[in-house]
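> from the sequence below, what's the structure:
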Amino acid sequence: MPKPRKTIAQHVADGTFRKDRHGGKAIPTLTDSVPNPPGTLIPAAHKYWYSEAKAALSIRLLSEKDYAALEILAYTMWLRQEAADDIKARGISYQTDKGIWQRNPSLTTLEKANSQILQLQKEFGLTPLAAQRINAPEEEKGVGDPRNDIFGGAAK
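This next block holds a predicted model:
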């Protein structure tokens, strides 16, 4: 599988952006601080907004154009947690009122959310493989990862 193309924001962050090479596209204005979550994002998902925004900022890849995708990522992370909590409470299968054992529908939600989260984190350069493709300074890679505050442990 070929290596995915860098985004314009990645070229800007790496210092490799050239108007003649990148079709004269406008250089995105990179955000230098964590933005406030949009009013449309449910309050329960705010902690995911802040953690993922901080992680994207740590590798210098967050612009205003990314806010919609960041909102979807934060909401999906909250939805994943809700599904995981339901599975923990009711189990992977449960018995209906009629005595029939049924697969917990939250499993499907969890599987789809995991897939979407992984795809969006790849877009932001927040997976280990995607981070390797971004030429961030060594001291910024994996050190002080703000997601550790939420998930615990060190990012590797």
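
> in the top helix by length along the chain, what's buried?
Counting by DSSP state H, the longest helix found in the chain is helix 67-90. Residues of helix 67-90 classed as buried: 67, 70-71, 73-84, 86-87 (neighbour count, 16 or more other C-beta atoms under 10 Å). Glycine gets a C-beta too; all of them are placed from N, C-alpha and C.

> okay, and the most centrally placed residue in the chain sits in which element?
In the chain, the residue lying closest to the centroid (C-alpha atoms, centre = their mean) is Gln121, at 3.7 Å. If you go by DSSP states H and E, Gln121 is part of helix 106-124.

> tell me what that helix is packed against?
For helix 106-124, the elements it packs on are helix 46-58, helix 67-90, helix 128-132, judged by 3 or more C-beta pairs under 8 Å, 6 or more residues apart in numbering; DSSP states H and E.

> okay, those in JSON lines with mean pLDDT and distance to Thr109 next?
JSON lines is the format used below for those (pLDDT from 0 to 100; distance: least, C-beta to C-beta, whole Å):
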{"stretch": "helix 46-58", "mean pLDDT": "87", "distance to Thr109": "16"}
{"stretch": "helix 67-90", "mean pLDDT": "94", "distance to Thr109": "4"}
{"stretch": "helix 128-132", "mean pLDDT": "73", "distance to Thr109": "25"}
